[in-house]
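Visitor: Sequence first, then the predicted structure, then my questions.
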Amino acid sequence: MTVHKIFRMTIFCLFILTAAAGAVMAQEKAAGDAQEQQAIAPAATQFEGTVALGLGNYFYLPSAKGYDIYVQGTIQGQDASSLTGKEVKVKGAMLKEEPSIFAADSIEVKDASGQFQTVFTRTEDVKLVDHVDTTERAAFTALVLTKADKSEDWEGKGKAKVHGKLVDNSIVVSDDKGKEVGKILVDTTTDFSKYYLQKLKLFDKFWFYFNIKDTVDAKVRRKTRELFHADVVFAGLF
């Protein structure tokens, strides 16, 4: 084989290798671009479906998974409970500072004729009412309640949480064997807490976040197992 033929074959092989490398790089770039585009894809700005629960300024739409939808203001003079069971279209955006909240810019409700009518248009800046965000919840101490007589279990703790069950106006706390340890007397409950209590009604027990108030008198505690008063600010599964 002559030197000239060897040179031509070498050039041809280099061309094939360069083309193959270019194709691989192009495929990798396309895949990378697709992943980058997916990563920076804008969050949803519209949801549609039937409202499962509304209370105060919040409502829950099953199609908006992961979000609590917040209404800044009223809906034709009513709170979000007026939307329960109705088919709606909601436009808005996720709050950057609280990703679990979707702030409604407008709400349309399907009427008897099957047409959607606008019932809400946001005209104010969003200011969350009674909301306890994820970072704030970290400041609540998990109480270990052992006996009605041991007021040191809760006194001086301030913000706290327990895992229990709401019965009437008391949070019933039990030990690992299911024996009742005591009751926390609930004086007030925010709309945000009430909303979550209804949202979580399928669960028997969950975490209550509250501000601890006055301890019940020792003699009364021994007789009734009522431990202390509290203001509930949030309820959740964790």
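Guide: Okay, I see it.
Visitor: Burial check on Leu227, number of neighbours?
Guide: Per other Cβ atoms under 10 Å, the neighbour tally for Leu227 reads 30. Using the backbone N, CA and C atoms, a C-beta is placed for each residue, glycine as well.
Visitor: Buried residues, stretch 154-167. List them.
Guide: Trp154, Lys157, Ala160, Lys161, Val162, Gly164, Leu166 (16 or more other Cβ atoms under 10 Å).
Visitor: List of residues touching that stretch?
Guide: Here stretch 154-167 makes contact (Cβ atoms under 8 Å, 6 or more residues apart in numbering) with 137, 139-143, 145, 171-174, 183-184, 186, 197, 204-212, 215, 227-228.
Visitor: Please tell me the pLDDT value assigned to Ala112.
Guide: We have a pLDDT of 90 for Ala112.
Visitor: right, I mislabeled it, should have said Ile11
Guide: 46.
Visitor: State the helix or strand in which the residue positioned nearest the centre of the chain lies.
Guide: In the chain, the residue lying closest to the centroid (Cα atoms, centre = their mean) is Ser100, at 4.4 Å. Assigned by DSSP states H and E, Ser100 belongs to strand 98-110.
Visitor: So which elements touch that strand?
Guide: strand 68-70, strand 87-95, strand 116-121 (3 or more Cβ pairs under 8 Å, 6 or more residues apart in numbering; DSSP states H and E).
Visitor: most tightly surrounded among the ones you listed?
Guide: For those, the largest average neighbour count (mean count of other Cβ atoms under 10 Å) is found in strand 68-70, namely a mean of 23.
Visitor: Can you pick out the ones from the contacts of stretch 154-167 that are in helices?
Guide: If you go by DSSP state H, the contacts of stretch 154-167 have Arg137, Leu197 in helices.
Visitor: Just the ones of the contacts of stretch 154-167 in strands?
Guide: 141-142, 171-174, 183-184, 186, 206-212, 215, 227-228 (DSSP state E).
Visitor: hmm, which of those residues are the buried ones?
Guide: 171-173, 183-184, 186, 206-212, 227-228.
Visitor: Just give me the closest of those residues to Thr50.
Guide: Phe206 (24.7 Å; Cβ to Cβ).
Visitor: that older thread, just name the lowest-scoring one in the buried ones among the ones in strands among the contacts of stretch 154-167, pLDDT-wise.
Guide: Phe206 (71).
Visitor: Let me know whether it touches Phe234 as I believe.
Guide: No: taking contacts as Cβ atoms under 8 Å, Phe206 lies outside contact range of Phe234: 10.2 Å.
Visitor: count of neighbours near the nearest residue to Thr123 once chain neighbours are set aside?
Guide: Excluding its sequence neighbours, the residue lying closest to Thr123 (Cβ to Cβ, 6 or more residues apart in numbering) is Gly73, at 7.0 Å. Other residues within reach of Gly73, judged by other Cβ under 10 Å, total 14.
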